[in-house]
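Chemist: Got a predicted structure here, sequence first:
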Amino acid sequence: MVKQNKKFIEEQKEILLQEKNKIEDRLGSFAKESQEHKGEWTSNMPDFDKSSSLEEEADEVEEFGMRLALEHSMEEQLKAVDLALEKIKKGTYGICDKCEKEIPQGRLKAYPQASYCQRCQ
Ligand SMILES: [Zn+2]
């Protein structure tokens, strides 16, 4: 069992919670979270109105595609943050998922949701 620095973990938890809020805020600006499946988001469809030109519609379709990609990557980030928070609860935060060694604090500071050490990444 790796001895954990309680204060450090508390700080990391704060950062992770802030990160979670930030991601959810951003996601919420263009997507909706599923009621049945927490953590699953769906991008809002762009609304085409009759007055928009074909060109404008093409722009919106393109924007929607970008939105989907962004939504996907933010969903992944959110999952990683949730996983890290879950680990804090279980007391396994900061331990590499692969080699089960301690992840250096410097790495966790730079990337609080890291689940692998540098070697296993
Ligand atoms: Zn490792």
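Modeler: It's in. Note that the structure is predicted; figures quoted are calculated from it, not measured. Residues are numbered from 1 along each chain as shown.
Chemist: Check the secondary structure at the residue of the chain positioned farthest from its centre for me.
Modeler: Each residue of the chain has a distance to the centre, and by Cα atoms, centre = their mean the biggest one is for S51: 36.8 Å. Three-state assignment for S51 (DSSP: H, G, I helix; E, B strand; the rest coil): coil.
Chemist: downstream neighbour of the lowest-mean-pLDDT helix or strand in the chain in the secondary structure list?
Modeler: Least confident helix or strand of the chain, by mean pLDDT, DSSP states H and E, is strand 41-43 with a mean of 87. Downstream of strand 41-43, the next assigned helix or strand under DSSP states H and E is helix 54-90.
Chemist: Could you list the residues in contact with the next helix or strand after that next one?
Modeler: Counting by DSSP H and E, the next helix or strand C-terminal to helix 54-90 is helix 105-110. Residues from elsewhere that reach helix 105-110 (Cβ atoms under 8 Å, 6 or more residues apart in numbering): N5, F8, Q12, G94, A114, C117, Q118. (Glycine included, C-beta is placed from N, CA and C.)
Chemist: Could you tell me which of the residues you listed count as buried?
Modeler: Buried members of the contacts of helix 105-110, scored by 16 or more other Cβ atoms under 10 Å, are Q12, G94, A114, C117.
Chemist: which one of those residues sits closest to the ion?
Modeler: Nearest to the ion, judged by Cβ to the ion, of the buried ones among the contacts of helix 105-110 is C117 at 3.6 Å.
Chemist: now E56: how far from the ion?
Modeler: 50 Å (Cβ to the ion, to the nearest Å).
Chemist: If you could redo that for E36, that was the one I meant.
Modeler: With Cβ to the ion as the criterion, E36 and the ion are 35 Å apart.
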